[in-house]
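Participant: using only what follows, build the 3D model:
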Amino acid sequence: MANHKSALKRAKQTEKRYARNRFYRTRLKNILKKAENVIQQEENRDTVVAEVRQAERLIQKIKTKGLIHKNKAARLISRLYKKIENKAS
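Facilitator: Residues are numbered from 1 along each chain as shown. Okay, the predicted model is just below:
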């Protein structure tokens, strides 16, 4: 364990960041799974679009926090909407 005051502070900050990032990563995975399940199971397009928009908002929020790259965020959102369109076809 660190002995210097600054090193102790850094260790605490790292723990806090790790916990926060882990929370958002887990939340992202769960909402993506939920959106994909709704896309496959739900027949009502309005319900599906509402769920995907909710997932999109969370992805954008996580992107602004710097947890995922902006291109990854765009890719995730694009794939969700593409799944909706493929199901409609």
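Participant: give the contact list for residue 69.
Facilitator: For residue 69, the contact set (Cβ atoms under 8 Å, 6 or more residues apart in numbering) comprises residue 63. (Glycine included, C-beta is placed from N, CA and C.)
Participant: hang on, I meant residue 87
Facilitator: Applying Cβ under 8 Å, 6+ apart, the residues near residue 87 are 39, 40, 48.
Participant: which ChimeraX command selects the buried ones in those?
Facilitator: Restricted to the buried members of the contacts of residue 87, where burial is judged by 16 or more other Cβ atoms under 10 Å, the ChimeraX selection command reads as follows:
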select :39,48
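Participant: in helices, which of the contacts of residue 87 fall?
Facilitator: 39, 40, 48 (DSSP state H).
Participant: give me the nearest residue to the last one, chain neighbours excluded.
Facilitator: In this case it means residue 48. In space, residue 48 comes closest to residue 42 once its chain neighbours are excluded; the distance is 5.1 Å by Cβ to Cβ, 6 or more residues apart in numbering.
Participant: just give me the neighbour total for that neighbour.
Facilitator: 15 (other Cβ atoms under 10 Å).
Participant: which strand or helix spans the most centrally placed residue in the chain?
Facilitator: Taking Cα atoms, centre = their mean as the criterion, residue 28 is the residue nearest the geometric centre of the chain, at 2.9 Å. Residue 28 is part of helix 5-41 when elements are defined by DSSP states H and E.
Participant: and the average pLDDT for that helix is what?
Facilitator: Helix 5-41 shows a mean pLDDT of 95.
Participant: list the contacts of residue 31.
Facilitator: The neighbourhood of residue 31, defined by Cβ under 8 Å, 6+ apart, consists of 54, 55, 58.
Participant: sticking with the first one, tell me its helix or strand.
Facilitator: If you go by DSSP H and E, residue 54 is part of helix 45-64.
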